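In: pasted the sequence and its predicted model underneath.
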Amino acid sequence: MIISFTLENWKSFRDRVSLSMIASRERQHRERLAEVEAYKLKVLPIASIYGGNASGKTNLFKALKFVKEYVANGTKINGSIPVEPYRLNSECAKKPTYFCFELLINNVIYEFSFSVTRNKVIEEKLVMIEKTKEIELYKRFEDRIVFDKSKENNESLNFVFKGTRSNQLFLTNSVSQNIHDFDFVYNWFCESLQLISPDSIYGEFDQLFDEKNKLYKTMNEIMPQLDTGIAYLGVDEVPFDLLAIPEEIKEKIKETLDENEEGRLRSLNDRYVISRVNGKIIAKKLISYHYGDDGENKKFDIRSESDGSRRVIDLLPAFLELSNASSERVYIIDEFDRSLHTALARGLLEVYLQCCSKNTRSQLLLSTHDIMLMDRQILRCDEMWFVERNNGVSELIALSDYEEVRKDKDIRKSYLDGRMGGVPRIRLDNHFLADRRE
């Protein structure tokens, strides 16, 4: 779980801002807060982020995406770090960009932070936070590193650091060199942190191609209940050579796909799983079935479904995973309400939140414009956040930070009135409209 996330000098976030998932003293919906007994801490299962267009909501998402990819994949030997500092101030281009995460992993809180320029890592630190003390497992200052006493004489760790490039995180290099001391943090970013953009699809949608998979069965039980017109999902085998994808992609698949290996592919809103069996490349395509007037099921390509139906197919597996009592995944969904009716969006949130309890270790962070979700019957005040842009600088504020918010206050009206920020400032000139009418 994310306890907190802090960033500075990233895109529109010039100044340091933090998103905290620690619950306030608010009493509403306390039954669903995750409890971390060792720290006497209650953690929120959800955060919804509101803001006007270009306020910076997606920049938060991109920050998390950058960190995930940078930790997981690193950089090429002479490659630059694809960090994007604040651009409206020339001094910020010279300053490092900073990220800091407090993470709950196996019921222990760790702080992982680093600051980087496009050329090198300036600092990197991993701290284990115990109830009464903090242990710096390692702290890196450019070309030197200091380990905790229990590790300072570890020859393997010191050897790996000497081979860590200036544009590379020590965490990433240690894992690539088969040093397992810090696998738990690396694995959190690679596996537990899941990001879904408006145009992306569920990363493990190949499970929908396996009739024996639990997800396949569950999806087909739920789909008819969502009023999309889809009765159930199925699979069609398609000749690989007839796939509507560029020839260069086909050739690359032929060159790189190993025997008994599977790869996922999306093209023109279709979803494919490609595999090589006995030397032959096999392509399978996800399809949908609708009930026909004559009682027979009619087959449709996924691309012929509405944007909303495709969005449901992409999001529903994530919500099923979130609602699993044993899940420890954190999903970040940008523009959650894209193409979704507000009733459906609300329904998905309610299903997840009803499954949350003190033992929950999954988490959902989402950005949205849907003010109908700004409802205290669904969300607590500390679960609603606003991104406001002032003179090009994005700020992040929790609704619970506003002292005047009362239990009986109409949050939506206050928000639309601009009292909490996070709404677009539209200043169309009436003369412009008058000229158009003439």
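Out: Right, received. Where do you want to start?

In: verify the contact between Leu364 and Tyr352 for me.
Out: Yes. The criterion here is Cβ atoms under 8 Å, and Leu364 meets it with Tyr352 at 6.3 Å. Placement of C-beta: from N, CA and C, glycine included.

In: quick check: buried residues in stretch 284-295?
Out: Of the residues in stretch 284-295, those with enough neighbours to count as buried (16 or more other Cβ atoms under 10 Å) are 284-289.

In: TSV please, covering these and showing pLDDT.
Out: Putting the buried residues of stretch 284-295 into TSV (pLDDT from 0 to 100) gives the following:
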residue	pLDDT
Lys284	88
Lys285	88
Leu286	88
Ile287	91
Ser288	93
Tyr289	93
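
In: Ser275: which of those is nearest?
Out: Taking Cβ to Cβ as the measure, Lys284 is the one of the buried residues of stretch 284-295 closest to Ser275, at 7.8 Å.

In: so which elements touch whichever strand or helix holds that closest one?
Out: Secondary-structure element containing Lys284, defined by DSSP states H and E: strand 280-291. Applying 3 or more Cβ pairs under 8 Å, 6 or more residues apart in numbering; DSSP states H and E, one finds that strand 280-291 makes contact with strand 232-238, strand 270-277, strand 297-301.

In: just give me the lowest mean pLDDT stretch among those.
Out: Note on these: strand 270-277 shows the lowest mean pLDDT, a mean of 85.

In: got the CA positions of that one in PDB?
Out: Output in PDB follows, covering the C-alpha atoms of strand 270-277 (Å, rounded to 0.1, in the frame of the first residue of the first chain):
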ATOM      1  CA  ASP A 270      -9.100  -5.500 -30.700                       C
ATOM      2  CA  ARG A 271      -7.300  -7.600 -28.200                       C
ATOM      3  CA  TYR A 272      -5.000 -10.500 -29.300                       C
ATOM      4  CA  VAL A 273      -2.900 -13.100 -27.600                       C
ATOM      5  CA  ILE A 274      -0.100 -14.400 -29.900                       C
ATOM      6  CA  SER A 275       1.800 -17.700 -29.200                       C
ATOM      7  CA  ARG A 276       4.100 -20.000 -30.900                       C
ATOM      8  CA  VAL A 277       3.300 -23.700 -30.700                       C
END
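
In: so where's the stretch 51-200 of the chain uncertain?
Out: 200 (pLDDT under 70).

In: the helices in it, which residues?
Out: Taking DSSP state H, counting those that start in this stretch as the test, the helices found in the stretch 51-200 of the chain are 57-73, 155-162, 170-176, 183-187.

In: looking at those helices, which is nearest to Val238?
Out: Proximity to Val238, assessed across the helices of the stretch 51-200 of the chain by Cβ to Cβ, is greatest for helix 57-73 (30.7 Å).

In: mind listing what's buried along that closest one?
Out: Those buried within helix 57-73 under the rule 16+ other Cβ under 10 Å are 57-68, 70-71.

In: can you add distance to Asp314 and give these back as JSON lines?
Out: Below are the buried residues of helix 57-73 laid out as JSON lines (distance: Cβ to Cβ, whole Å):
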{"residue": "Lys57", "distance to Asp314": "19"}
{"residue": "Thr58", "distance to Asp314": "17"}
{"residue": "Asn59", "distance to Asp314": "22"}
{"residue": "Leu60", "distance to Asp314": "20"}
{"residue": "Phe61", "distance to Asp314": "16"}
{"residue": "Lys62", "distance to Asp314": "19"}
{"residue": "Ala63", "distance to Asp314": "22"}
{"residue": "Leu64", "distance to Asp314": "18"}
{"residue": "Lys65", "distance to Asp314": "17"}
{"residue": "Phe66", "distance to Asp314": "22"}
{"residue": "Val67", "distance to Asp314": "23"}
{"residue": "Lys68", "distance to Asp314": "18"}
{"residue": "Tyr70", "distance to Asp314": "25"}
{"residue": "Val71", "distance to Asp314": "24"}
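
In: list just the nearest of those to Glu91.
Out: Within the buried residues of helix 57-73, proximity to Glu91 (Cβ to Cβ) peaks at Asn59, which comes in at 19.4 Å.

In: so what's the closest residue to the closest one other than its chain neighbours up against?
Out: Residue nearest to Asn59 in three dimensions, not counting chain neighbours: Lys11, with 4.1 Å by Cβ to Cβ, 6 or more residues apart in numbering. With contacts taken as Cβ atoms under 8 Å, 6 or more residues apart in numbering, Lys11 has the following neighbours: 56, 59, 62-63, 84-87, 394.

In: equivalent analysis for Ser48, please.
Out: Contact partners of Ser48, counting by Cβ under 8 Å, 6+ apart, are 336, 366-368, 373-374, 379, 383-385.

In: which SSE is it in?
Out: Per DSSP H and E, Ser48 falls inside strand 46-51.

In: Asn173 reaches Gly163, doesn't it?
Out: Yes. Asn173 is within contact range of Gly163, at 6.8 Å (criterion: Cβ under 8 Å).

In: higher neighbour count, the two?
Out: Here Asn173 and Gly163 are compared on neighbour count by other Cβ atoms under 10 Å; more neighbours surround Asn173, at 16 against 11.

In: so how far is Asn73 from the more buried one?
Out: Asn173 sits 12 Å away from Asn73, taking Cβ to Cβ, to the nearest Å as the criterion.

In: and Glu26, by the same measure?
Out: Per Cβ to Cβ, Glu26 is found 39 Å from Asn73.

In: Phe161 too?
Out: Relative to Asn73, and taking Cβ to Cβ, Phe161 is found at 19 Å.

In: can you check Leu286 too?
Out: Note on Leu286: its distance to Asn73, by Cβ to Cβ, is 27 Å.
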